[in-house]
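# below are the sequence and a predicted model for it; my questions follow.
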Amino acid sequence: MSGGRPLSRKKEAAIAALLSAGTHAQAAEQAGIAERTLRNWLAETEFAQAYRQARQQLVEHAVGLMQKASVSAVLTLLKNLSCGRPAVEVSAANSLLERSTAAIETFDVLSRLEALEQAAQQGANHAHGNAQANGEASRGPGRS
């Protein structure tokens, strides 16, 4: 799973149960192990890392499904802009405008963040270059 040796079948079953059950007790029951055993495994680095990785994959899959559904959702809103029922049309229009504005704001913030990160990186590179040019990088701390 995480580059080490593979987990046992019981541990794999416990991870699957953790992903689908509502509580640790339910997950332990589903996996056919004691809850205490499950909690001990969760304290193990290798098991916890494998669980985190499986959970991340599950979330990424869910986000992918939501992105696919987003196209249908927008098409539905567009269809409702002219459905002949004014209240529904106004609601769809408001929803589209709110989401469009939010998306523009998000893209603007991300662009600004990217510019700041690039400026910070260039500043760090510039400072590092000046330090080397002045011989500061070759002298260790406390050396003159």
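Received, thanks.

# this structure: strands as residue ranges?
With strands called from DSSP state E, the chain shows none.

# which parts of it belong to which domain?
Domain ranges of the chain: 1-68, 81-134, per automatic domain parsing.

# most tightly packed of these?
Highest mean neighbour count of the domains of the chain: domain 1-68, a mean of 14 (counted as mean count of other Cβ atoms under 10 Å). In this view, the C-beta of every residue, glycine as well, is placed from N, C-alpha and C.

# next one: it to chain centre, how far?
Distance, stretch centre to chain centre, for domain 1-68: 17 Å (Cα atoms, centre = their mean, to the nearest Å).

# so what's Leu19 up against?
Leu19 is in contact with Ala54, Arg55, Leu58, counting by Cβ atoms under 8 Å, 6 or more residues apart in numbering.

# switch to 6 Å and redo it
Leu19 makes contact with Leu58, according to Cβ atoms under 6 Å, 6 or more residues apart in numbering.

# low-confidence ranges in the protein?
Residue ranges of the chain with pLDDT under 70: 1-4, 131-144.

# all helices for it, in order.
Per DSSP state H, the chain carries helices over the ranges 9-20, 24-31, 35-43, 45-80, 86-133.
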